[in-house]
Each structure stands twice: as C-alpha cells, then as structure tokens.
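Student: Okay, structure incoming, though there's no sequence with it:
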C-alpha cells in the first residue's frame, strides 16, 4: 500500500500549536484533545489522496509528529524523534517565537474547518496555485484570502473608484498599466491584493475597498512571496532600488 501524503503547512501549524499547549511528554495517544486534533486534521480539505485511510493522521501518528518537534525544542532535555522533515524545522523557526500569532492562525484554520466554509474546499482545481503551496498561513487560510481578493462586487467597486479618481488602472507598486501595453485586451484589467493577512482580521471583519490594493500580476506574486508579507510601500521601494541599480550597471 502507498504511503499517506507528507504533512503540509496547515497540519504542522495545528500540530505545533498543540505541542506548546500539550507537550507529548505530558499526555498519551488517548488524550481527548489529541483525538480532537486528529479529527480536525482528517477534515482538512488539502489532500485529495489518502492511500491508507485507517492510519491517516490517526492519534498515534499525530502523537509521533508531536514527538518530532521535541528535537527542535531547546527546553527539552531529551532527543525526541529524529526522523522529522525539513518543513517541521521551517514551521518551528517561523512560529515558535510568537506563540500568540501561532494560536491565532491555528484557531482560524480550525474554525474554518468546523464551520465548513465553502471557500476552503477548492481542492480540485485544474491548475495548481504555487502561492497556495507557499502561503505562510497554509492552504485553508490562503483560499479564504483569495476569495476575498476575488469578490466580484468589491473588485468592481475598487476599480470604478480608482478610474473615477485618476482615469486609469495602474499598479500601486510599479505603475504598470495593462491597457498601455496590451491595448484593448488589457483595458480595465488589474489584480486586487488584500493588504491584511487573514490572521489579522477580526472575526466579523468584512472586506472594504480600503483593504484592497490594485497591483499587476508580477507585483501581486511578489507581495505574497515573502514572510511576513511586504507592504505596498516596501515593495515599491524595492522596485525603485532595483530599477536604479539596473540603470547604473
């Protein structure tokens, strides 16, 4: 039988948050909260194939994953399990020093799964979204983020507002105008970037025009690529500095 898929960011975020609240040396595989975590992991809509369903993120496997974090914990005197993967180290490095942020992200992922939000079940897309794989807060929150960016009514209002103000749709970062380069084909085209990460939004926060930046495709991908995200102004400065360097070389 084929092995189950490797653990992804969402799963490791949930596991690390659990680790800090219930270290594996203080609980057993039958702990009620560990069983609950196993159930949540099984409900995450991020794996299309689970060859060994019986063992997929079962309590024993989840407990072993918690033990993998022991090797990374400077406060643990033992060795822990040494067979962990590189992504565990990355997640530890990103979140172990900010447990409040980690708790907030884990809480949002869990709530999104328990509430069965429609936007998190977009697992059968024909094309793989590279940003989804690299999104620091995991696939579930990335899908919610992208749903907000693609809200047709809000995007339309944001574009109309900008055209009314300046007459055209230029990238807020690099000033690129699709219509200038592609003519009629690029008319009224621009992408929207939600400037606030999902983890920083209040539970009942509704996206507003002020939350959206209008950006070209290249700048949008760059904004999503760095952890933590670059602001519009930070990426603008980076573009200006790179452009100046190119002109003088």
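Tutor: Perfect, thanks for sending it. Because the structure is a prediction, the values reported are computed rather than measured.
Student: Would you map the helices across the chain?
Tutor: Per DSSP state H, the chain carries helices over the ranges 9-21, 32-43, 59-70, 86-95, 99-114, 130-134, 139-149, 152-166, 178-182, 217-225, 232-248.
Student: and residue 196, which of these is closest to it?
Tutor: Nearest to residue 196 among the helices of the chain is helix 139-149 (9.2 Å), distances taken as C-beta to C-beta. To be clear about C-beta, it is placed using only N, CA and C from the backbone, and glycine gets the same treatment.
Student: The closest one vs helix 9-21, what angle?
Tutor: 120 degrees (axes from the mean of the first three to the mean of the last three C-alpha atoms, to 10 degrees).
Student: got any ranges where the protein has weak pLDDT?
Tutor: Residue ranges of the chain with pLDDT under 70: 1, 117-119, 122-135, 149-150, 199-207, 227-228, 243-249.
Student: give me that answer again for 50
Tutor: Scanning the chain for pLDDT under 50 picks out 123-128, 249.
Student: Off-centre distance for stretch 185-194?
Tutor: When distances are taken as C-alpha atoms, centre = their mean, to the nearest Å, stretch 185-194 is centred 22 Å away from the chain's centroid.
Student: returning to what we had before: let me have the helices of the chain in a markdown table, extended by distance to residue 76.
Tutor: Converted to a markdown table, these look like this (distance: least, C-beta to C-beta, whole Å):
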| stretch | distance to residue 76 |
| --- | --- |
| helix 9-21 | 10 |
| helix 32-43 | 18 |
| helix 59-70 | 5 |
| helix 86-95 | 12 |
| helix 99-114 | 16 |
| helix 130-134 | 29 |
| helix 139-149 | 29 |
| helix 152-166 | 47 |
| helix 178-182 | 53 |
| helix 217-225 | 33 |
| helix 232-248 | 37 |
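Student: Just send those back as JSON lines, with distance to residue 79 and mean neighbour count too.
Tutor: Listed next are the helices of the chain as JSON lines, based on distance: least, C-beta to C-beta, whole Å; neighbours: other C-beta atoms under 10 Å:
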{"stretch": "helix 9-21", "distance to residue 79": "16", "mean neighbour count": "22"}
{"stretch": "helix 32-43", "distance to residue 79": "21", "mean neighbour count": "16"}
{"stretch": "helix 59-70", "distance to residue 79": "7", "mean neighbour count": "20"}
{"stretch": "helix 86-95", "distance to residue 79": "15", "mean neighbour count": "16"}
{"stretch": "helix 99-114", "distance to residue 79": "23", "mean neighbour count": "18"}
{"stretch": "helix 130-134", "distance to residue 79": "31", "mean neighbour count": "14"}
{"stretch": "helix 139-149", "distance to residue 79": "32", "mean neighbour count": "22"}
{"stretch": "helix 152-166", "distance to residue 79": "51", "mean neighbour count": "13"}
{"stretch": "helix 178-182", "distance to residue 79": "56", "mean neighbour count": "14"}
{"stretch": "helix 217-225", "distance to residue 79": "35", "mean neighbour count": "18"}
{"stretch": "helix 232-248", "distance to residue 79": "41", "mean neighbour count": "12"}
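Student: Which among these is found nearest to residue 172?
Tutor: helix 232-248 (5.4 Å).
Student: Among the helices of the chain, which comes closest to residue 194?
Tutor: Nearest to residue 194 among those is helix 139-149 (5.0 Å), distances taken as C-beta to C-beta.
Student: elements contacting the closest one?
Tutor: Contact partners of helix 139-149 among helices and strands, from 3 or more C-beta pairs under 8 Å, 6 or more residues apart in numbering; DSSP states H and E: helix 9-21, helix 99-114, helix 130-134, strand 191-194.
Student: and of those, who's closest to residue 87?
Tutor: Closest among the helices and strands packed on helix 139-149, using C-beta to C-beta: helix 9-21, at 6.2 Å.
Student: Which other helices and strands does the closest one contact?
Tutor: Helix 9-21 packs on helix 32-43, helix 59-70, helix 86-95, helix 99-114, helix 139-149, going by 3+ C-beta pairs under 8 Å, 6+ apart.
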